[in-house]
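[1] The sequence isn't on hand, but the structure is:
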C-alpha cells in the first residue's frame with residue numbers, strides 16, 4: 001500500500017513490473033535502469049505533471065519508479081508518469097526538461113530514419 005505521497009516500498013514496486021531507475025548517488029542524474037523505460041517524451045512526478053498543466057488522471061498508473069535513498073522510511077520508490085512535449089505547458093518547462101525532450105525527439109527521429117533506410 002503506497003504512503004500518502006504515493007511512494008512504494010521495494011516489494012510493492014517490484015510487484016508492479018514497471019522499470020526502475022537507481023541513481024549512482026543521492027541526487028545524481030546518472031545511474032542504472034532495471035527494465036526498459038518508455039521511449040519518447042519525459043518522465044515526471046505527479047506534482048510536476050500538475051505544475052506543467054497535465055495532471056495525473058485518477059485511473060492512471062506510474063510507468064516507472066525512481067529510487068530515493070534520501071527517503072526517511074522504507075517508502076523509497078517514487079512514481080513517475082510519461083508525458084509527451086505537446087501535453088506540457090512549454091512556458092513552465094525547465095532547461096533540463098527541455099534537453100530531455102529534445103534528446104528523446106532526436107533519438108526517435110534517428111530510429112525512424114534507420115527503419116526507413
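    The structure has been received and is ready for your questions. None of the values given here were measured: they were computed from a predicted structure. Numbering: from 1, shown residues only.
[2] residue contacts, the spatially most central residue of the chain?
    By C-alpha atoms, centre = their mean, the chain has its centre lying nearest to residue 43, at 2.7 Å. Shown in contact with residue 43 (C-beta atoms under 8 Å, 6 or more residues apart in numbering): 37, 63-64, 80-83. C-beta here means a position set from N, CA and C on the backbone, and glycine is covered the same way.
[3] Helices along this structure, start to end?
    10-16, 46-51, 95-116 (DSSP state H).
[4] beta partners for residue 21?
    Per DSSP bridges, residues listed as beta-bridge partners of residue 21: residue 33, residue 66.
[5] quick one: it and residue 1, what's the gap?
    Distance from residue 21 to residue 1, counting by C-beta to C-beta, to the nearest Å: 22 Å.
[6] higher neighbour count, those two?
    residue 21 (19 against 6; other C-beta atoms under 10 Å).
[7] any idea of the pLDDT on that one?
    For residue 21, the pLDDT comes out at 96.
[8] Low-confidence ranges, this structure, go.
    105-117 (pLDDT under 70).
[9] longest strand of it?
    Identified as the longest strand of the chain according to DSSP state E is strand 77-83.
[10] contacts for it?
    For strand 77-83, using C-beta under 8 Å, 6+ apart, the contacting residues are 2, 6-10, 12-13, 20, 38, 41-46, 49, 52, 54, 56, 60, 62-68.
[11] repeat for stretch 4-22
    Contacts for stretch 4-22 (C-beta under 8 Å, 6+ apart): 1-2, 31-37, 46, 61-68, 71, 74-79.
[12] same thing but 6 Å
    The contact list for stretch 4-22, computed with C-beta atoms under 6 Å, 6 or more residues apart in numbering, reads 2, 31-37, 64-67, 74-75, 77-79.
[13] Just the buried ones out of these, please.
    Neighbour-count burial (16 or more other C-beta atoms under 10 Å) applied to the contacts of stretch 4-22 gives 34, 64-67, 75, 77-79.
[14] TSV please, covering these and showing distance to residue 103.
    Below are these laid out as TSV (distance: C-beta to C-beta, whole Å):
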residue	distance to residue 103
34	21
64	16
65	21
66	18
67	22
75	30
77	24
78	21
79	22
